[in-house]
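**Q** Just the structure for this:
(chains A and B)
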There are 2 protein chains.
Amino acid sequence: SDAVKANDLQRTRLTYENRSNLAKSAVAKRLFQLMASKQTNLCLSADVTKADDILDIADKCGPYICLLKTHIDIVEDFSEGFITNLQALAKRHNFLLLEDRKFADIGNTVSLQYGKGLYKISNWADLVTAHTLPGRSILQGLKAALGNVEAGQERGVFLLSEMSASGNLIDDKYKENSNKIATEGGDIDFVAGIVCQSSNAFAFPGLIQLTPGVKIDESVDKLGQQYQTPELVVKERGADIGVVGRGIIQANDVQKAAITYRDRLWTAYKERVAK
Amino acid sequence: SDAVKANDLQRTRLTYENRSNLAKSAVAKRLFQLMASKQTNLCLSADVTKADDILDIADKCGPYICLLKTHIDIVEDFSEGFITNLQALAKRHNFLLLEDRKFADIGNTVSLQYGKGLYKISNWADLVTAHTLPGRSILQGLKAALGNVEAGQERGVFLLSEMSASGNLIDDKYKENSNKIATEGGDIDFVAGIVCQSSNAFAFPGLIQLTPGVKIDESVDKLGQQYQTPELVVKERGADIGVVGRGIIQANDVQKAAITYRDRLWTAYKERVAK
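**A** Below you'll find the model as predicted:
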C-alpha cells in the first residue's frame, strides 16, 4: 500500500544516528550508534568449525565490522576460554556478538536453550536470532532466561521475517505477523531488529534490518542459499546491516575482503541516505 | 475434504505393524516395529539440565518408552561419556533417541549443526526434529551431514507441521507445504514422521505422527504451552506417539508416572485400531 511505501522510504532514508533515537531496544540504540561512529554496516558470519579460526578471523576483520555472527554449535573445540577470548576481541575492536541460534521452540524450551547448557548464550551474546514461528511466546521465553545476566549487559533479538533459502515457506501473512510481534506488545524493548530480504518487510525505523546472503558475485550454493550484492541489499532491499560469510572467510586475504565489503556496504548506505 | 478424511481414517485405523511395511524411512520402519513389539507409544521428553538426571530418568523409564527425546543443548555437563551412557541405556531398554533440535536454518548451516560442533548429533541421535520453514533444502542439508555416519546406523527426521504453542504462525498452507516436503521428492526416505497436533495434518500411513504437549491434567504453562490428555491426542488427534515431559519428570515417582502414561497411551491406540 502507499502508506507502507511512505513509511518504508522514511526508514531507509534516515541516518543510523537518527534511528538510534527511535529504537525501543537498548542494544539496538547501541548498535546504531556503533555503526555510525565506526562507519561500518558489515556483519561477518564466522561459519567455521575451529575456535582458533574464528578468533583469527575476528581479530583480522574486527576493525571493519559492527557485528560478528556465530553458530556456536558448529564449533568443535568450544570452551569457556574461547568465549572469553571472543569477548576480548569484541571489546578491543568494538563490535557486538550475534549468536545466530534461530530459536524456534516453545517458551519453556527456548528459555533453557538461551540460558543453560554448555553454551550459556545469554551470558555472552549481545544479540541472538529467533524465528517468529512459535508466536509471541518466543520473546517471553527468551526474556525468562535473562534473570542471570548482570544488570547493564544489554540483550536483544533479531526476529526472522524472511529467509534467503530458496523454496522457504514464509508468505505475506507470516511477514505481517512477524512485524506485529516485533512492534506490538510488552516485549518490544527486547527486539533489536528484523532479519529479512526486502525493504517492505517492516516500517518502524527504530528496528535494524539485518540481511544475510551478501556476496559480490551473486550466485546460489548447492543447498539452496541465494546471494545478492552489497549495493542491491542496501539500496534496493533496505538492508541496514549486510551479512557476509563465505565471501570473506573463503577469500585468500580475509582482511582485504572484509575491507572491500565494508567499503561497498557503507558507500551504498551513504548514497541511500543522501538521496 | 472427504478424500482427506478417508485417508486419515485409514491411517489411524491401521496397526503399527501394518504401517511399518508402508514406511519409506528405514528408521520409521524400525520404530513402528519397536512400538508394536514393546507395546509402547510413549516418548519421554527428558527436559532436565543435568546429565546424571537424564540418565537416571532414562534408566527408570526406559522399559516403558519407545523414544527418548532430548534437548542436548540444555545439558549443563554434557560430555562424550554422557552420550555413551545414554546409548547403552537405549540399547539395554530398547528405545530410540530423538534429539529435538528443531533445525531451522539454510542447508549449509544445518549440515554443520547436525554433524559438527561439540554435540555431533548425527553420530548418536537416531532421529532429529526439523522445521519445514526453510523449505525442502532442510532435508538436503541434513542428509549432507550423514557422510560420517557409519553404514547401518539408520537416521531420520520428524518434520514439524504444527506446533503446540499458543499463537504460533502455522496456517493451513504451511501444513500443506510441510506435507509435500514430507511425501514428495527424492529425500522422503529420510522423513520418519510428522510432529503435529491433529489427524488431518497428513494422510500417508507410512509416516509416524509425533504429538507433544501430553499431560493427564490438561493445562497451559505460563510460557504458552498447551496440554492435552493421552486419550484425546491418540483417539481424536491422530497421535501415533505421545510426548510426555513435565507430566513424568516432575512426578514424585517418575517410573510409576511413565507406566501410567504408557498404559493410557497404549490402551488408547488399541481402542483406536479396534474400532
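**Q** Distance-wise, check A:Ala192 relative to A:Ala239.
**A** 15 Å (CB to CB, to the nearest Å). (C-beta placed from N, C-alpha, C; glycine too.)
**Q** sec struct for the most centrally placed residue in chain A, please.
**A** Taking CA atoms, centre = their mean as the criterion, A:Leu210 is the residue nearest the geometric centre of chain A, at 4.8 Å. Under the three-state scheme (DSSP: H, G, I helix; E, B strand; the rest coil), A:Leu210 adopts strand.
**Q** That one contacts A:Ile194, doesn't it?
**A** Yes - judged on CB atoms under 8 Å, A:Leu210 makes contact with A:Ile194 at a distance of 7.1 Å.
**Q** Tell me who's in contact with A:Ile249.
**A** Applying CB atoms under 8 Å, 6 or more residues apart in numbering or on different chains to A:Ile249 gives the contacts A:Leu44, A:Ser45, A:Ala46, A:Asp47, A:Val48, A:Ile57.
**Q** What is the nearest of these to chain B?
**A** Set against chain B, the nearest of those by CB to the nearest CB is A:Asp47 (7.0 Å).
**Q** The closest one: what's it in contact with?
**A** Contacts of A:Asp47 by CB under 8 Å, 6+ apart are A:His71, A:Ile74, A:Gly245, A:Arg246, A:Ile249, B:Asn108, B:Thr109, B:Leu112.
**Q** How about A:Gly245?
**A** By CB under 8 Å, 6+ apart, the neighbours of A:Gly245 are A:Leu44, A:Ser45, A:Ala46, A:Asp47, A:Lys69, A:Pro212.
**Q** any idea where the helices of the stretch 101-250 of chain A begin and end?
**A** A:107-115, A:121-124, A:137-144, A:172-183, A:230-231, A:246-249 (DSSP state H, counting those that start in this stretch).
**Q** Now the two most distant members of the contacts of A:Ile249.
**A** A:Leu44 and A:Val48 (11.0 Å; CB to CB).
**Q** A strand includes A:Ala257, no?
**A** No - assignment of A:Ala257 by three-state DSSP gives helix, placing it outside any strand.
**Q** isn't A:Gln228 right next to A:Lys215, touching?
**A** Yes - contact criterion CB under 8 Å: A:Gln228 and A:Lys215 qualify, at 7.4 Å.
**Q** the bottom helix or strand of chain A by mean pLDDT?
**A** helix A:2-13 (a mean of 64; mean pLDDT, DSSP states H and E).
**Q** Sketch out the low-pLDDT regions of the stretch 1-150 of chain A for me.
**A** Residues of the stretch 1-150 of chain A meeting the criterion pLDDT under 70: A:1-9, A:148-150.
**Q** 50 - rerun?
**A** A:1-2, A:6 (pLDDT under 50).
**Q** what does it put close to chain B?
**A** A:47, A:49, A:71-76, A:78, A:100, A:102, A:104-109, A:111-113, A:116-119, A:131-137, A:140-141, A:144 (CB under 8 Å from any CB of the partner chain).
**Q** And the buried ones among those residues, selectable in ChimeraX?
**A** In ChimeraX, this line selects whichever of the residues of the stretch 1-150 of chain A next to chain B come out buried by 16 or more other CB atoms under 10 Å in any protein chain shown:
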select /A:47,49,71,72,73,74,75,78,100,102,104,105,106,107,108,109,111,112,113,116,117,118,119,131,132,133,134,135,136,137,140,141,144
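**Q** Now do the strand or helix carrying A:Gly81: everything it contacts.
**A** Element membership of A:Gly81, judged by DSSP states H and E, is helix A:80-93. Applying CB under 8 Å, 6+ apart, the external contacts of helix A:80-93 come out as A:51, A:54-55, A:58-59, A:62-63, A:65, A:68, A:70, A:75, A:96-97, A:123-124.
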